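K.L.:
Quick one, what's the 3D model for this:
(one chain, ligands or ions: 3)
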Amino acid sequence: MFGPKFLVATLLLLSSSTVAFLIPSDQASLADQHRSVQNSRDDLSKIILKSPLLSLHKALVEVESISSYELAVGKLLVSTLEAHNFAVTTQQVNDVNNASLKRWNIYATPDSSQYPSSSSKKQPHPKVILTSHIDTVPPYIPYSLSRPKSSDSREDILISGRGTVDAKACVAAMVQATLSLLASPKTEFNPSDVALLFVVGEETRGDGMNHFSDSKLYHHTNSNLKAVIFGEPTELKLASGHKGITMAHIKAHGKAAHSGYPWLGQSATSMILPALYVLDKLGDLLPEEGGLPRSKEFGNSTVNVGYISAGVAANVVPEFAEAKVSFRLAGGTTESVKKIILNAISGADPQGLLDVDIYQGYAPVPLDTDVDGFDSIVVNYGTDVPNLKVADGVKRYLYGPGSILVAHGKDEGLTVGALEQAVEDYQKLIKHALSL
Ligand SMILES: *[C@@H]1O[C@H](CO)[C@@H](O)[C@H](O)[C@H]1NC(C)=O
Ligand SMILES: *[C@@H]1O[C@H](CO)[C@@H](O)[C@H](O)[C@H]1NC(C)=O
Ligand SMILES: [Zn+2]
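P.N.:
Ligands and ions are numbered 1, 2, ... in the order given. Next up is the predicted model:
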């Protein structure tokens with residue numbers, strides 16, 4: 001199914017997994033144990049290699065792609081898509097911290113013979129875009145396979161490693177779903193109605209999706225757009241919305257002194273603590289008492305005082321303190337939330353000594369769920385959805401396999417069954433979008 005490059009990679013993997021053992025005879029039973037573990041690993045690997053979906057997913061996960069360093073995985077994806085006859089356009093997304101880094105958004109439409117990728121004006125005008133991200137959070141965790149003790153079934157095989165869930169599962173399933181629809185004789189499917197978009201930088205600044213949203217490529221091709229299907233882990237459900245986010249960076253500038261004579265200085269820690277204390281409780285306070293918004297769909301807004309730094313030593317009155325706080329918003333507008341935050345801070349800092357910088361972010365994001373056969377879920381994490389500007393009436397769906405609860409942790413992983421279900425479900429979503 002895959003192109004020549006892919007085949008070579010696959011053959012290399014096969015040969016490196018069949019390692020011969022040299023074992024003394026008095027350790028024969030230990031050797032048997034080793035051999036049986038080895039055999040069961042080989043069995044699992046064979047299951048993965050037999051499936052185009054599972055081997056694409058494996059190949060993507062095996063290439064480290066922490067945000068900013070997405071070039072290698074981008075190249076792999078480009079060659080895979082080209083091997084399947086997609087017309088692929090890459091967009092260089094400059095990195096704010098290092099101008100010499102290369103990293104690409106990847107935009108692909110089926111059937112390269114019909115639509116050469118040289119000019120965005122000649123590109124097809126898709127009705128639906130499927131999109132997810134190719135960067136991951138750190139640290140890299142290698143790909144591994146295991147079978148739960150309680151089950152022998154193929155669907156329950158667990159695939160672990162960084163990015164297995166967030167979001168390489170979505171990337172692999174979206175590619176496979178599109179290929180399956182193209183190959184299916186039953187579907188009335190116009191290849192030029194579908195586009196794939198895989199972006200960089202979702203886990204940090206959303207710079208990949210923002211770049212695409214502002215690009216000529218998008219502006220020249222979005223006139224027929226009816227729906228965008230975003231891929232993030234939603235446990236195989238359709239998300240009905242996700243919370244908004246606002247962040248605050250607070251700094252206090254005091255005056256250093258000997259800690260035996262604190263009245264000769266001004267403690268930056270003492271200046272910042274009352275404000276942090278108030279902000280920390282702002283999610284528990286009722287909105288009518290100056291607290292953050294609540295709503296039926298999204299529950300309570302929550303606060304995380306995620307970063308604090310101050311001072312130099314226990315016996316020095318600190319000259320400087322700073323904190324970074326994030327607010328996950330359940331309602332309101334970013335303007336109204338900014339006022340609530342500034343009010344709360346000024347109550348704790350009546351003289352206005354603190355330096356406050358608010359990043360307004362975005363309000364809660366409502367999403368579409370008008371597709372039969374899906375459960376719905378509300379999620380608390382941020383996504384690229386608000387970074388892609390769409391015209392009024394364009395539907396936005398958010399769906400993916402695996403759970404966000406493991407996504408950024410050391411146990412990130414999902415089952416073969418979930419990954420395969422996602423291919424079916426993305427096909428359903430594409431067909432629904434094409435019927436709009
Ligand atoms: C920037 O990226 C280039 C290319 O990967 C690398 O060689 C260089 O060391 C990086 N510079 C910094 C300051 O990280
Ligand atoms: C919201 O906060 C209130 C008060 O802190 C609490 O009683 C309630 O259970 C919370 N609601 C949700 C949905 O978490
Ligand atoms: Zn993600």
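K.L.:
going forward, measure contacts and count neighbours with C-alpha atoms only.
P.N.:
Fine.
K.L.:
Outline the domain layout of this structure.
P.N.:
52-242+365-434, 244-362 (automatic domain parsing).
K.L.:
Residue numbers of the stretch 51-200 of the chain in contact with ligand 1?
P.N.:
Within the stretch 51-200 of the chain, the residues that sit near ligand 1 (C-alpha under 6 Å from any ligand atom) are N98, S100, L101.
K.L.:
Pipe these into TSV and attach neighbour count per row.
P.N.:
What follows is those, written out as TSV (neighbours: other C-alpha atoms under 10 Å):
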residue	neighbour count
N98	9
S100	9
L101	16
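K.L.:
ok, how many other residues are close to A391?
P.N.:
11 (other C-alpha atoms under 10 Å).
K.L.:
got the phi/psi numbers for it?
P.N.:
phi -70, psi 160 (degrees, to the nearest 10).
K.L.:
From I308, how far out is it?
P.N.:
40 Å (C-alpha to C-alpha, to the nearest Å).
K.L.:
Highest mean neighbour count out of the domains of the chain?
P.N.:
domain 52-242+365-434 (a mean of 20; mean count of other C-alpha atoms under 10 Å).
K.L.:
and it, is it in reach of ligand 2?
P.N.:
No. Figure legend: domain 52-242+365-434 not in contact with ligand 2 (C-alpha under 6 Å from any ligand atom); closest approach 11.7 Å.
K.L.:
so where do the helices sit in this protein?
P.N.:
Here the chain has its helices, by DSSP state H, at 4-17, 28-50, 52-62, 71-83, 168-183, 207-213, 216-221, 268-280, 334-348, 404-407, 416-434.
K.L.:
okay if I get the ones you listed as a markdown table plus mean pLDDT and distance to I129?
P.N.:
Putting these into a markdown table (pLDDT from 0 to 100; distance: least, C-alpha to C-alpha, whole Å) gives the following:
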| stretch | mean pLDDT | distance to I129 |
| --- | --- | --- |
| helix 4-17 | 39 | 25 |
| helix 28-50 | 78 | 28 |
| helix 52-62 | 98 | 20 |
| helix 71-83 | 97 | 15 |
| helix 168-183 | 96 | 10 |
| helix 207-213 | 98 | 12 |
| helix 216-221 | 96 | 11 |
| helix 268-280 | 98 | 39 |
| helix 334-348 | 97 | 28 |
| helix 404-407 | 94 | 23 |
| helix 416-434 | 97 | 9 |
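K.L.:
Now distance to H242 too, for those, in TSV please.
P.N.:
Formatted as TSV, the helices of the chain follow (distance: least, C-alpha to C-alpha, whole Å):
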stretch	distance to H242
helix 4-17	37
helix 28-50	33
helix 52-62	26
helix 71-83	28
helix 168-183	18
helix 207-213	17
helix 216-221	24
helix 268-280	22
helix 334-348	15
helix 404-407	12
helix 416-434	19
